[in-house]
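Chemist: the amino acid sequence is not available; the structure is as follows:
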């Protein structure tokens, strides 16, 4: 049972990511959605049994980078992998995200191959 | 504020826009040169913009008619979008966001590090933008103050794109902060 939390202030982008994950043959049983970092923290507190978090950077209320710092400070017993999916693609931003606790990084726009290559470490592929 | 020339950004705008469409939006587009347009001459149905701040401040915006906004939304979501609604505004915001994000990385050496705002989308009919309302006008005026204060002296670098008879412009304006 694989469960993925999608965090992006764009509902359209959340739909596109879900569709692309399904089309590339990666197995996800349940998608949970959040529109900003604060909502995402609530979802983690409600259900910590997440297999992966896909996280936008620029969002209102709480940004992706603020969320990942807050998530890592919770010291959860099971470390949930976090992959940033964002338009922020500079080396500085990638380094900042990884130093803050993100595990992977995918820059929007992305191809199906790039999505599969990045998420393939965390999700099973049919 | 000092005005900066940015003719050499056209190629980056074209490649950034092509990159976004070729990967995320299954829609053929063709670019067709570029031109400068005074902002008080802009009239459009949908404006989707992202502002930049940093050593330079600027705005990247998509200007388009209702039909092409619906076409882009339909292509992105794989649905038949019939009216400008929340999904259309969300989709157009994401398109501007992705083009701006891609462009930012390409123009880093020229303009330095820049922070992107979250996208803003405005939809209506015959929208125009300018800094002051100085008289009656049939158009609806919108004042944009994020990043660059727009005024009637500002010219936007417009890069037009077309797709099956419909067209849209990707506009760009930038100024160096003193």
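Modeler: In hand now; what should we look at? Keep in mind the model is a prediction, meaning the values are calculated, not measured.
Chemist: would you mind measuring from the closest residue to residue A:116 other than its chain neighbours to residue B:32?
Modeler: Of all residues not flanking residue A:116 in the chain, residue A:24 sits nearest, at 4.5 Å (C-beta to C-beta, 6 or more residues apart in numbering or on different chains). In this view, the C-beta of every residue, glycine as well, is placed from N, C-alpha and C. As judged by C-beta to C-beta, to the nearest Å, residue A:24 and residue B:32 stand 34 Å apart.
Chemist: which parts of chain A sit against chain B?
Modeler: In this structure, chain A approaches chain B at residues A:9-13, A:15-16, A:19, A:58-60, A:86-90, A:92, A:107-111, judged by C-beta under 8 Å from any C-beta of the partner chain.
Chemist: give me the pLDDT for residue A:119.
Modeler: Per-residue confidence (pLDDT) for residue A:119: 96.
Chemist: spit out the contact partners of it.
Modeler: A:21, A:26, A:52, A:54, A:83, A:104, A:106 (C-beta atoms under 8 Å, 6 or more residues apart in numbering or on different chains).
Chemist: mind listing the helices for chain B?
Modeler: B:10-24, B:66-77, B:86-106, B:108-111 (DSSP state H).
Chemist: do chain A as well
Modeler: A:11-23, A:37-46, A:64-73, A:91-100, A:112-119.
Chemist: the second one vs helix A:64-73, what angle?
Modeler: Calculated by axes from the mean of the first three to the mean of the last three C-alpha atoms, to 10 degrees, helix A:37-46 forms an angle of 20 degrees with helix A:64-73.
Chemist: and helix A:37-46, what does it pack onto?
Modeler: strand A:3-7, strand A:30-34, strand A:52-55, helix A:64-73 (3 or more C-beta pairs under 8 Å, 6 or more residues apart in numbering or on different chains; DSSP states H and E).
Chemist: just the buried residues of that helix, please?
Modeler: A:37-41, A:43-44 (16 or more other C-beta atoms under 10 Å in any protein chain shown).
Chemist: go through those and name the one nearest chain B.
Modeler: residue A:37 (13.0 Å; C-beta to the nearest C-beta).
Chemist: who touches the most centrally placed residue in chain B in this structure?
Modeler: By C-alpha atoms, centre = their mean, the mean C-alpha position of chain B lies nearest to residue B:61, the distance being 1.4 Å. Residues near residue B:61 by C-beta under 8 Å, 6+ apart: B:47-50, B:96, B:156, B:170-172.
Chemist: can you rerun that using 6 Å?
Modeler: Going by C-beta atoms under 6 Å, 6 or more residues apart in numbering or on different chains, residue B:61 touches B:47, B:49, B:171.
Chemist: let me see the contact set for the one residue in chain B that gets nearest to chain A.
Modeler: Nearest residue of chain B to chain A: residue B:101, at 2.5 Å (C-beta to the nearest C-beta). With contact set as C-beta under 6 Å, 6+ apart, residue B:101 has these partners: residue A:87.
Chemist: about what we covered before: nearest to residue B:116 among the contacts of residue B:61?
Modeler: residue B:49 (10.9 Å; C-beta to C-beta).
Chemist: quick check: bridge partners of that closest one?
Modeler: residue B:61, residue B:120 (DSSP bridges).
Chemist: of the contacts of residue A:119, closest to chain B?
Modeler: residue A:106 (11.6 Å).
Chemist: wouldn't the closest one be in contact with residue A:116 here?
Modeler: No - in this structure, residue A:106 is not within contact of residue A:116 by C-beta atoms under 6 Å, at 10.5 Å.
Chemist: residue A:126: how many residues sit nearby?
Modeler: By other C-beta atoms under 10 Å in any protein chain shown, 6 other residues sit near residue A:126.
Chemist: that one touches residue A:25, doesn't it?
Modeler: Yes - the pair residue A:126 and residue A:25 qualifies as a contact (C-beta under 6 Å) at a distance of 4.3 Å.
Chemist: check what pLDDT the closest residue to chain B within chain A gets.
Modeler: Residue nearest to chain B within chain A: residue A:87 (2.5 Å; C-beta to the nearest C-beta). Residue A:87 carries a pLDDT score of 93 in this model.
Chemist: next, count neighbours for it.
Modeler: Residue A:87 has 25 nearby residues by other C-beta under 10 Å.
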